[in-house]
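Asker: predicted model and sequence below, questions to follow.
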Amino acid sequence: AQSVSQHNHHVILSEAASLELGCNYSYGGTVNLFWYVQYPGQHLQLLLKYFSGDPLVKGIKGFEAEFIKSKFSFNLRKPSVQWSDTAEYFCAVSSDMRFGAGTRLTVKP
Amino acid sequence: GAVVSQHPSRVICKSGTSVKIECRSLDFQATTMFWYRQFPKKSLMLMATSNEGSKATYEQGVEKDKFLINHASLTLSTLTVTSAHPEDSSFYICSAMPAGTGRLVEQFFGPGTRLTVL
């Protein structure tokens, strides 16, 4: 069965710091990968997705993620975070949406 | 576009009663909808996949007689929590996948329903 691991449960950064959130999955076949964000009090929104092609995917709000097949990873990155990026971030795999446990990001102003 | 709504957004009920939660795709048709349960400070747990016109597919460990799912139209799926107990208190989220596409596309999420069973 597919599974998704997010290693960081809570990340605290200062504004302008760089961000990288880890996501690893266990599945040997073709996968589709997603990162979702849940801002406080709001519903899940898609940040970016990977289906095929260029393994470096750019999403909204300056986020990007890199699919590294050999490492079964799809880490989320942002060069310079803002206070408004404070949210819960979820990695998900494939079309039946197996979610990681989520990473809470707190950005201090 | 691609808006999913849920009703109610919040419900409080007594133990032993049943509660129905609706999930609607407002501007697209969805042959497939998903129901999730989100625990505090934890991730989403997929409960079941709801297919229009057929029986839902439940994940292992989810009681299908307790969590009744009906997907009667291309824009509406309902989740009924029967004989609710306090341990059923949770945040229930639905998502919808547009019709006419394969399983490769993203899903659109509803805002969730907070169920509190007293």
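Answerer: Here it is on my side, so go on. Numbering: from 1, shown residues only, chains lettered A, B, ... in the order given.
Asker: residues of stretch B:65-74 that come out buried?
Answerer: B:67, B:68, B:69, B:71, B:74 (16 or more other C-beta atoms under 10 Å in any protein chain shown). Heads up, the C-betas are built off the backbone N, CA and C, glycines and all.
Asker: got phi/psi on the fourth one?
Answerer: For residue B:71, the backbone dihedrals are phi -130, psi 80 (criterion: degrees, to the nearest 10).
Asker: what would the buried residues of stretch B:65-74 look like in CSV with secondary structure, distance to residue A:106 and pLDDT?
Answerer: CSV is the format used below for those (DSSP: H, G, I helix; E, B strand; the rest coil; distance: C-beta to C-beta, whole Å; pLDDT from 0 to 100):
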residue, secondary structure, distance to residue A:106, pLDDT
B:67, strand, 34, 96
B:68, strand, 39, 96
B:69, strand, 36, 94
B:71, strand, 38, 89
B:74, coil, 40, 90
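Asker: could I get those residues as JSON lines with distance to residue A:15?
Answerer: Formatted as JSON lines, the buried residues of stretch B:65-74 follow (distance: C-beta to C-beta, whole Å):
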{"residue": "B:67", "distance to residue A:15": "42"}
{"residue": "B:68", "distance to residue A:15": "47"}
{"residue": "B:69", "distance to residue A:15": "43"}
{"residue": "B:71", "distance to residue A:15": "44"}
{"residue": "B:74", "distance to residue A:15": "45"}
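Asker: can these go into CSV with extra columns for distance to chain A?
Answerer: Conversion of the buried residues of stretch B:65-74 to CSV gives the following (distance: C-beta to the nearest C-beta, whole Å):
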residue, distance to chain A
B:67, 17
B:68, 21
B:69, 15
B:71, 16
B:74, 18
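Asker: let me know the closest of those residues to residue B:87.
Answerer: Distance to residue B:87 across those (C-beta to C-beta) is lowest for residue B:67, with 12.7 Å.
Asker: pretty sure the closest one contacts residue B:79?
Answerer: Yes - between residue B:67 and residue B:79 there is a contact at 6.2 Å, judged by C-beta atoms under 8 Å.
Asker: can you get me a residue count around residue A:68?
Answerer: 11 (other C-beta atoms under 10 Å in any protein chain shown).
Asker: what's the pLDDT at the residue nearest to residue A:39 when sequence neighbours are not counted?
Answerer: Take residue A:39 and drop its neighbours on the chain: the residue closest to it by C-beta to C-beta, 6 or more residues apart in numbering or on different chains is residue A:87, 4.6 Å away. If you check residue A:87, the pLDDT there is 96.
Asker: which pLDDT value belongs to residue B:38?
Answerer: pLDDT at residue B:38 comes out at 88.
Asker: what lies in contact with stretch B:14-29?
Answerer: The contact list for stretch B:14-29, computed with C-beta atoms under 8 Å, 6 or more residues apart in numbering or on different chains, reads B:1-8, B:11, B:13, B:33, B:35, B:74-86, B:92, B:94, B:96, B:98-100, B:108, B:110, B:113, B:115, B:117-118.
Asker: perfect, I'm done here.
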